[in-house]
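Asks: this is a predicted model, with the sequence first.
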Amino acid sequence: MLPKQPKVLKGLPAAPGLTAGPVFIWQDLDLTLPAPYSSGDPGAAWGKISTAIDETRQEIEQIREKVMQTAGKEQSAIFDAHLMMVDDSALHNMVHELLDKGENPEAAWHTAVESFAARLEDLPDPTLSARAADVRDVGKRVLAHLLGKAGSQNALTEKSVVVARDLAPSQTAMLDHNLVLAFCTAEGGPTSHTAILAKALGIPAIVALGKSLLDLQAGDYVLVDTQLGALTINPAIEQRKVFAERQQQAEGRRVVDLKSALKPAITRDGVQVEVVANIGGAADAQTALERGAEGVGLFRTEFLYLNRKAMLSVDQQVEAYREVVRILDGRPLVVRTLDIGGDKQADYLGIIEEPNPFLGWRGIRMVSERPEILRDQICALLKAARGADLRIMLPMVSRLDEVIQARKVLNEALIQVRREVPGFQIKLQFGMMVEVPSAALMIEHFAQHVDFFSIGTNDLTQYTLAVDRLNARVASLASPFHPAVLKLIERTVRVGHQHEKWVGMCGEFAGEPLALPFLLGIGLDEFSMSPGLIPAAKSVIRRLSIEECRPVAEQALKLASAEEVQNYLTAEYKRLAK
C-alpha cells in the first residue's frame, strides 16, 4: 500500500501550542429514539424524565467542579448556565404539554429541546442564537440517561489529537486532559466555550478547519501548528523532523519562561513593565501569583452572582472578596464592578430577554435603575479590602453621566463604610473600562473624573467592527489587529497620559506576543492577561526595547488592514524578540 500523501488544512487558532500525534476521532453517542409508543401515564413519564434530569444535574455539577479545579472559576461558570438550562421552567412546560398529548418521555424531551433550541436559533441576536448549542448539549445528556446510554464512549487510551465536527463544553471538559494533545474541530469559532476551556487548560486548539477534517481516520498522524492555524495530515518524515525541532525549541522556551516567571518584566532599555492577571476568584488569584503575576488587573466579580436564586448580601460579598485580598497580600487589585448581561444572565436582577443583549441593559447601565446593586458591591469591596491597594473600575461605560453617577455612589459608600467601620483606611483608585468606541473617543472628558483606564479589547473589537465575537460565522473578522481598533487603543493611551492617568489593558490582546511590540511602543502601562500567558509575556517583554518598539507602533498605525498589521508585526516580532 502506498503511503498517504501529506495534506494541510487551515483553520483558526483557538488556543496556542505546537503538538504532534495520532488522531482520535470523536464518536457522538447514538441517541436514536425508540419506535413511537404512547406513555399512557403522563405522570409516570414525567417521573422518568425527572430522574434523568436529576442524574444530568449531578453530572453537570461534577463537570463544573472538575473544570473549576483544572481551569478556574471563570471557565466553570459555563456550566452554571447549563445547570440553569436543565431546570428551565419553559422547557419543562413544553415537555409536560407533549406528555399530556400522549408522547413518550424520550420523544417528548427530544421534541421540546429541539423546539427550544430552534427558537433561540431564530433570534436575530447571534449571542442568543449561539446558546442553542448549549441547550442541545444539555438536552442530549438528559436523553442519554433516558435511553440508558449515559457515560462516555470516547475514552482515550493514549496521547492523541482529538478530532471532531465540533465539541460541546461538557465533552471537552470530561476528556482525560493528560491524554489530549490538541483539539481540532471542523466547525466552531476561536471564542467558543470549547476554545476558552482549551486555552485555560493549556491545550492547543484549532477550529473551523472545514469538512475535510472529517475525512480523517483513526491512525492518521498530524502536526498541529496553532500559530499558523495549520493541521498537517500524515506529514513526510522530513516534515516531522523539522516540526519536532520547533517543538523542542518551544518546550525549552516554556521551561525557561516558567523558571523566570517571578522575576520582573524589565525591557532591554531598563523600563519595568507591570504584568498582572485576569481572574474570576480566589483559586485563579493563587494560580496567577505562582505564574508571576504582580497583582490583579481584572477581577471579574460577576461569577459570584451566577447560578443563584437571589442577590448576595453585603456580608456574603465581603467574605468572597476578602479571600482574594488575603492571597494578594497588598499587591494591586483591580476589581470590575458587576457586568452581568450579554452572555451572562441572572434573572433575580431583573434582566429580561433582549434581542441584542450585548448592546442592552448590562454593566454600568444598571446603575440608573438599580443603584443599590453598585452601592452594596462597593461597600463590600471597601470592607473586604481594608488596608489593601484597591482599584475599582466600571464596565461598559459609554456616557460621561454614567461615571459621574457611579462616582456619587462610591462617595456614598465611603461615607457609609467609614460610619460602620471605625478607623477605616484604604488605598483606593477609581477607574473605568474602555470597551466602547465612544469612551475611547471621549477620553479627555472622562479623564477629569477617573484615576485610570483599562482597555477591554475583546468588546472594543466587536463594537468597533460590528462583529459578534461569539458567532463562529464571522468570528474571524473580529481581529484586534484591525487598524481601527489599534487607533482607538493608541488614542486612549496617548490622551490618558496627557491627563496624567495610567492606562492598562485587560483584554486577550494584552497577552498576545505579536502585539507586545506595538503595546510597548505606544506606552501601555499595565498588561493584564490569563495567568497561563504571563510567563511567556514577561519573557518577551525582557527581550524588547521600548525605543525600538516606538517606530514599530507608528508604522503599524499607518497600515490599512488587519492582515497587513499582523504580517508586519509578525516580521518585527521575529526581528526584535530574538
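Replies: Done, it's in. Just so you know, these numbers come straight off a predicted model, no measurement behind them. Numbering: from 1, shown residues only.
Asks: give me the domain ranges for this protein.
Replies: Per the record, the chain has its domains at 7-27+154-236, 42-146, 264-576, by automatic domain parsing.
Asks: may I see those domains organised as TSV, with mean pLDDT and mean neighbour count added?
Replies: (Each C-beta comes from the backbone N, C-alpha and C, glycine too.) Shown next, in TSV, are the domains of the chain (pLDDT from 0 to 100; neighbours: other CB atoms under 10 Å):
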stretch	mean pLDDT	mean neighbour count
domain 7-27+154-236	88	20
domain 42-146	84	19
domain 264-576	88	19
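Asks: make JSON lines from the ones you listed and add distance to residue 35 to it.
Replies: Output for those, formatted as JSON lines (distance: least, CB to CB, whole Å):
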{"stretch": "domain 7-27+154-236", "distance to residue 35": "24"}
{"stretch": "domain 42-146", "distance to residue 35": "10"}
{"stretch": "domain 264-576", "distance to residue 35": "35"}
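Asks: can you give me the strands for the stretch 1-150 of the chain?
Replies: 7-10, 12-15, 18-25 (DSSP state E, counting those that start in this stretch).
Asks: what lies in contact with the first one?
Replies: In this case it means strand 7-10. Applying CB atoms under 8 Å, 6 or more residues apart in numbering, the external contacts of strand 7-10 come out as 209, 210, 212, 213, 228, 229, 230, 231, 232, 233, 234.
Asks: in strands, which of these appear?
Replies: Counting by DSSP state E, those place 230, 231, 232, 233 in strands.
Asks: once you drop chain neighbours, what's closest to the residue most central in space within the chain?
Replies: With distances taken as CA atoms, centre = their mean, residue 196 lies nearest the centre of the chain, 5.1 Å away. Nearest residue to residue 196, sequence neighbours excluded (CB to CB, 6 or more residues apart in numbering): residue 75, at 6.3 Å.
Asks: again, but for residue 320
Replies: Closest residue to residue 320 apart from its sequence neighbours, by CB to CB, 6+ apart: residue 304 at 5.3 Å.
Asks: show me what contacts the one you found?
Replies: Contacts of residue 304 by CB under 8 Å, 6+ apart are 281, 312, 317, 320.
Asks: identify the farthest-apart pair in these.
Replies: 281 and 312 (13.4 Å; CB to CB).
Asks: what sits up against the strand or helix carrying residue 403?
Replies: Applying DSSP states H and E as the criterion places residue 403 in helix 400-420. If you take CB under 8 Å, 6+ apart as the criterion, helix 400-420 is touched by 337, 364-365, 367-368, 371, 374-375, 378-379, 382-383, 392, 394, 397, 424, 430, 432, 442, 445-446, 449-450.
Asks: following that helix, which helix or strand comes up?
Replies: Moving toward the C-terminus from helix 400-420, the next helix or strand (DSSP H and E) is strand 427-434.
Asks: hmm, who's touching that next one?
Replies: 334, 336, 382, 387-397, 403, 407, 410, 439-440, 443, 446, 450-456, 460, 488, 492, 506.
Asks: in the contacts of strand 7-10, find the pair that's most separated.
Replies: 229 and 234, at 18.6 Å, using CB to CB across the contacts of strand 7-10.
Asks: and the contacts of strand 7-10 as TSV, adding distance to residue 221?
Replies: Formatted as TSV, these follow (distance: CB to CB, whole Å):
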residue	distance to residue 221
209	16
210	19
212	16
213	15
228	18
229	19
230	15
231	11
232	9
233	8
234	6
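Asks: residue 24: which of these is nearest?
Replies: Distances from residue 24 to the contacts of strand 7-10, taken by CB to CB, are shortest for residue 213, at 12.9 Å.
Asks: who are the contact partners of that closest one?
Replies: Residue 213 is in contact with 9, 163, 184, 185, 186, 231, counting by CB under 8 Å, 6+ apart.
Asks: tell me how far it lies from residue 165.
Replies: 8 Å (CB to CB, to the nearest Å).
Asks: got the contact list for the residue nearest to residue 271 when sequence neighbours are not counted?
Replies: Nearest residue to residue 271, sequence neighbours excluded (CB to CB, 6+ apart): residue 546, at 5.1 Å. For residue 546, the contacting residues are 267, 269, 271, 520, 521, by CB under 8 Å, 6+ apart.
Asks: closest one to residue 571 out of those, please.
Replies: residue 521 (14.7 Å).
Asks: which residues of the stretch 251-400 of the chain fall in strands?
Replies: 265-266, 272-279, 296-300, 333-336, 389-394.
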